[in-house]
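*Asks:* Show me the folded form of this:
(2 chains)
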Protein chains: 2
Amino acid sequence: MVQFRKKMGRFYGLISFEEALQRISSTSWIKPGTMSVPCSDSPGLIACSTVYSKSDVPGYHRSLVDGFAVNSGNCNDATETNPVKLKIIGIVQAGEMASHYAGAGECFEIYTGGRLPPGCDTVLMVEDVERETGFIIFSRGPEPWENVERAGDDLHAGTEIVRGSSIIRPWQAAAMISSGIPEVGVFRKLRLGIISTGNELFRESENFIENTNQIMLASYFRRSFVSTEAIGILHDNQQEISGKITESIQIYDALIITGGTSLGGRDEVPDAISRIGKVIFGGVMMRPGRTIALYEVNGKPIFSVSGNPVPALISVEEFLERYIETVIGITGLRRKVMAKLSCSVTNRAGYTTILRVRVRNSEDGMIAEPIVSHGTGKLSTMIGADGTMVIPGNVEGYDKDQIIEIKFFGDSN
Amino acid sequence: MVQFRKKMGRFYGLISFEEALQRISSTSWIKPGTMSVPCSDSPGLIACSTVYSKSDVPGYHRSLVDGFAVNSGNCNDATETNPVKLKIIGIVQAGEMASHYAGAGECFEIYTGGRLPPGCDTVLMVEDVERETGFIIFSRGPEPWENVERAGDDLHAGTEIVRGSSIIRPWQAAAMISSGIPEVGVFRKLRLGIISTGNELFRESENFIENTNQIMLASYFRRSFVSTEAIGILHDNQQEISGKITESIQIYDALIITGGTSLGGRDEVPDAISRIGKVIFGGVMMRPGRTIALYEVNGKPIFSVSGNPVPALISVEEFLERYIETVIGITGLRRKVMAKLSCSVTNRAGYTTILRVRVRNSEDGMIAEPIVSHGTGKLSTMIGADGTMVIPGNVEGYDKDQIIEIKFFGDSN
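*Replies:* Predicted structure coming up:
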């Protein structure tokens, strides 16, 4: 036990999962910069402040159908026995404005999207009228504003279009453009660099292992608002590691460094980073991935994770999201659903467990099937999984049929 | 009514939503090409055939913990009163191979991920032994394979890693690489071109309207396996339209063309495309978007949709997905969940209605809140929505609390 305690000492003591999240929230990280982009380029980026409609959308009353624009006041007394006859004095198509006013006894032919001519407030559907050369006849008095989308019906000036710190969706970009907003302020993409360490990752190693960490992490964490880059494989050498970090932290907003976090002999990564930065935490009571550590160097986070790709991905995900929430203010990066457990699951006291689950739909709602395996680091636990569920450290487990929250994997959400 | 029938005639008669899907499935479209890519570049692309593990993963027995590798047969009689003492004859780290064999009375110090030395089948955790210079002492006889991940434990040679016609996930790329597969066959990205038509989209128009169709459709349908491009705004001019299509269909796998589909006067798009291609359908009993039409030109699909961005997006989505399913074999492009309706919804007889819904989680499961609005084409019905629900034409509606299927919007899934 002495030997073990000494080694754990390098991790400054394991803390709870919740405490780790809390420490991320309360650290003063450098915030990513903001910039202005044309609204047409904005979908997928994160708005840095709330955007309100600048004008009414649509900007004028327009027809929702093909038909005839009339003034309802001139013909609302039409009945089967007393049909009304109006003279067609022009045609209005989308993109055109009527050149004159519709008076009593007059109407305009109008197409979907067409702007209501002055003097008109209603459109009779083409199906609802009879046509005689130059005239229409109808036998039902229309209500005002029938088949018309009024100015501002979609968005009134001042309506919220995009909330600050949320991802801009395609229709929000369209709404901004429609309401006369050409550009929008966004956070620039977060740049995430991924470094791998390990002598076994070099081809000359006797037990050479292909480096799958970088591929998994770089492709998994790539988002419309996060760019990721694999930025090198390093030997288990403190100088090499601290040199690379010092250089990379100038360029990237955050780093993930894999490997060298064994509780055992080779602790090159913690030793290397401790020299140049501050420890936020070292080791978390979670599985998989209890060796995860977080450092702050120049106001930026460096996540040190297992060299085993699955624990690396699973353990860093929640913390990286908390960091992004903290600096950008966005929440709910992964889609959450509620599902009924297909079997009971148990927890190890004090440990927060992150299980992979398969989710399927049934007539009664959604079912979550935990993928249980001895050894939590297997790629096979990910294949076929849709997302994860968390069992907090103070929960002994969940019963079959209990409804729990599932987060879908972030690459597909 | 005569006038209306004549105009509808241009749409060759509205067909049911199901019939439209069926016609897409049964058309012989040109399939997109395939290519081979390094597995590291494959996440997000679609595998063109099923991939099986080429070798066992891991390739050798490895330690799951920090501790001591022993032969369980040599020490399974250890007890509190009869502890066993073994000599440490070497250290094994990840990436290293023991240079010699562990005989009776011998063991190796080993770190997580280390390869079991010959003669060893079990690892004693560092916490479970006492250490004396050069020796370990322990009082519990271990089982064979304790704390060891055996060769092939994660993936046996021959295990399915990726199913053909499915999106390759990050861990599947990692699994292929780990099992010795350097490259994988994938469909090349589908190229989707988006053309807008409409005199009102030109700045010189009296009722100039900003073109938000292309932005919405191009950003919405962009995927890891679909590239989208806005390829021009055209006047309502048949020659201009048919010329652009003839040119673009050489380059793109599929086209969407917006505008010019009014049931009314300006049917430039149907008239232009009918000349150069075959009508698959023209008009569908669905809302929004009944004016949607599909043409086949040179074995490729051209979707003609409303000039109004919301009906355009909603109506083309299901059909575009069916086309992708048909040519690539992939299903379930959008994530589906089951949710309980927060209120009743009604349908218009014969029409398939696609409603936008907001989805929220509750302790009892998921709740779907339909976003109901007069006029289905509003941007405001999209803002705040998470996805869509479909009411088939033969269903009158759904009751409050009924459990229905929701598809999340494809841009965020």
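
*Asks:* Spatially central residue for chain A, please.
*Replies:* A:Leu333 (4.9 Å; CA atoms, centre = their mean).

*Asks:* burial count for A:Thr197?
*Replies:* 26 (other CB atoms under 10 Å in any protein chain shown). Heads up, the C-betas are built off the backbone N, CA and C, glycines and all.

*Asks:* Tell me who's in contact with it.
*Replies:* By CB atoms under 8 Å, 6 or more residues apart in numbering or on different chains, the residues touching A:Thr197 are A:233-236, A:241, A:257-260, A:268-269, A:307.

*Asks:* Report the beta-bridge partners for it.
*Replies:* A:Leu234 (DSSP bridges).

*Asks:* Compute the distance between the residue of chain A positioned farthest from its centre and A:Gly141, please.
*Replies:* Distance from the C-alpha centroid of chain A peaks at A:Thr81, with 59.3 Å (CA atoms, centre = their mean). Relative to A:Gly141, A:Thr81 is positioned 12 Å away (CB to CB, to the nearest Å).

*Asks:* what about the closest residue to A:Gly152 other than its chain neighbours, how many neighbours?
*Replies:* Nearest-residue entry for A:Gly152: A:Asp56, 3.4 Å, with adjacent residues in sequence omitted and distances by CB to CB, 6 or more residues apart in numbering or on different chains. Number of residues near A:Asp56 (other CB under 10 Å) recorded here: 20.

*Asks:* Settle this for me: A:Asp56 is touching A:Leu155, isn't it.
*Replies:* Yes - assessed by CB atoms under 8 Å, A:Asp56 is found in contact with A:Leu155 at 7.0 Å.

*Asks:* Which neighbours do the two have in common?
*Replies:* With CB under 8 Å, 6+ apart, A:Asp56 and A:Leu155 have common neighbours A:Ser179.

*Asks:* And for whatever residue of the stretch 151-300 of chain A ends up closest to chain B, the neighbour number?
*Replies:* Per CB to the nearest CB, A:Glu200 is where the stretch 151-300 of chain A lies closest to chain B, at 2.5 Å. A:Glu200: 21 surrounding residues under other CB under 10 Å.

*Asks:* does A:Ser219 sit in a helix, a strand or a coil?
*Replies:* Using DSSP: H, G, I helix; E, B strand; the rest coil, the secondary structure recorded for A:Ser219 is helix.

*Asks:* now do A:Gln214
*Replies:* Under three-state DSSP, the three-state class of A:Gln214 is helix.

*Asks:* pLDDT value on it, please?
*Replies:* At A:Gln214, the model reports a pLDDT of 94.

*Asks:* and A:Ile181, how many neighbours does it have?
*Replies:* Other residues close to A:Ile181 by other CB under 10 Å number 18.

*Asks:* Give me the phi and psi angles of it.
*Replies:* phi -100, psi 110 (degrees, to the nearest 10).

*Asks:* can you give me the helices in the stretch 301-413 of chain A?
*Replies:* Assigned by DSSP state H, counting those that start in this stretch, the stretch 301-413 of chain A shows helices spanning A:309-328.

*Asks:* Which residues of it lie near chain B?
*Replies:* Taking CB under 8 Å from any CB of the partner chain, the part of the stretch 301-413 of chain A that reaches chain B is made up of A:307-310, A:313, A:335-340, A:361-366, A:375, A:377-380, A:382-383, A:403, A:405, A:408-409, A:411-413.

*Asks:* Distance across stretch A:211-230, terminal residue to terminal residue?
*Replies:* One end of stretch A:211-230 to the other measures 11 Å (CA to CA, to the nearest Å).

*Asks:* do that stretch and chain B meet?
*Replies:* Yes - judged by CB under 8 Å from any CB, stretch A:211-230 comes into contact with chain B through A:212, A:215-217, A:219-220.

*Asks:* Tell me which residues touch the residue nearest to A:Gly152, please.
*Replies:* With CB under 8 Å, 6+ apart, A:Asp56 has these contacts: A:151-152, A:155-157, A:179.

*Asks:* If we use 7 Å, what do you get?
*Replies:* A:151-152, A:156-157 (CB atoms under 7 Å, 6 or more residues apart in numbering or on different chains).
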